[in-house]
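[1] Show me the folded form of this:
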Amino acid sequence: MTAPAPASQQPRRSLRFAVLSVVGGLAVCGAALGALWAWIAPPIHTITALTRAGERVDGFLGRDSDLLFVAAAMMIGLLSMLAVVSAVLVWQWQPHRGPVIVTALWIGQVAAGATAAGVGAALAHWRYGTADHQGVALSPENRVHYFVEAPPVFVGHHPLQIAVTLLLPAALAALVYAFMTVATPRDDLGAWPGEDPLAEAAAVF
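    Numbers count the residues shown, from 1 in each chain. Sure, this is the predicted structure:
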């Protein structure tokens, strides 16, 4: 029979400090992931061409249209990796285990997604520039112009698609934390038992 986990010692840091540390730390990690994504995400190669009828047409070079999804999926993958790692690390902060810290975890994960998307998009556009398909000069002698464009951070521009990028990793972090919670034999999760969780939440907010 597995021995129950020992109760935690009185924490040296307050619950407010723990909440702010989790949210702030994840936001900073999100910015770092955004920079990493801007470095490894594949650029999109496009063309603007002049047809024989004199019409301008835009298109993707080869199968680069697939990279629109690949780049966005890479962002979700990096944020999901952060979600799993952060949930495990936050769980190690035993004195503060409970509903307040897991709330800070998923809020911090949403903040990480927002900062990763913002930093990643800004750095990608700084690296590749903004393609001006309408402004490029074409002529019968120069019918084709090639562009290298920044990859997208989201699968699409619809609010629901943006929400999936931000909320899916947050839900994954909460799920990982929940799995570790149900695997713990103690009802109090071995956390510091000094206060009622509702009272702790009221003290923080």
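[2] a strand runs through I162, doesn't it?
    No: read with DSSP: H, G, I helix; E, B strand; the rest coil, I162 is helix and lies in no strand.
[3] Can you tell me the closest non-neighbouring residue to it?
    Closest residue to I162 in three dimensions, ignoring its sequence neighbours and counting by Cβ to Cβ, 6 or more residues apart in numbering: F154, at 5.2 Å. Quick note: C-beta positions are derived from backbone N, CA and C, even for glycine.
[4] Tell me the secondary structure of that neighbour, please.
    For F154, the secondary structure call by three-state DSSP comes out as coil.
[5] go on, F179?
    Put simply, F179 is helix when judged by three-state DSSP.
[6] Verify the stated contact: the residue nearest to I162 with T165.
    Yes: in this structure F154 lies within contact range of T165 using Cβ atoms under 8 Å: 5.4 Å.
[7] so what sits against both of these two?
    Jointly contacting F154 and T165 under the rule Cβ atoms under 8 Å, 6 or more residues apart in numbering are 72, 75, 117.
[8] By neighbours, which of these wins?
    Within these, M75 tops the neighbour count with 26 neighbours, counted by other Cβ atoms under 10 Å.
[9] ok, it - contacts?
    37, 41, 116-117, 120, 153-154, 165.
[10] Three-state assignment for it, please.
    State at M75, reduced to three classes by three-state DSSP: helix.
[11] can you pull out the strands in the protein?
    For the chain, applying DSSP state E gives strands covering 44-50, 56-60, 144-149.
[12] So for A171, which of these sits nearest?
    For A171, the closest of the strands of the chain is strand 44-50, at 28.8 Å, according to Cβ to Cβ.
[13] any chance of the strands of the chain in CSV, with mean pLDDT and distance to S86 too?
    Output for the strands of the chain, formatted as CSV (pLDDT from 0 to 100; distance: least, Cβ to Cβ, whole Å):
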stretch, mean pLDDT, distance to S86
strand 44-50, 86, 30
strand 56-60, 82, 36
strand 144-149, 84, 32
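[14] Same list (these) but as CSV, adding mean neighbour count and distance to I101.
    Output for the strands of the chain, formatted as CSV (neighbours: other Cβ atoms under 10 Å; distance: least, Cβ to Cβ, whole Å):
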stretch, mean neighbour count, distance to I101
strand 44-50, 18, 40
strand 56-60, 12, 45
strand 144-149, 15, 41
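[15] got those as JSON lines, with distance to G25 columns?
    Formatted as JSON lines, these follow (distance: least, Cβ to Cβ, whole Å):
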{"stretch": "strand 44-50", "distance to G25": "32"}
{"stretch": "strand 56-60", "distance to G25": "39"}
{"stretch": "strand 144-149", "distance to G25": "33"}
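[16] wait, which of these is closest to W91?
    For W91, the closest of these is strand 44-50, at 39.0 Å, according to Cβ to Cβ.
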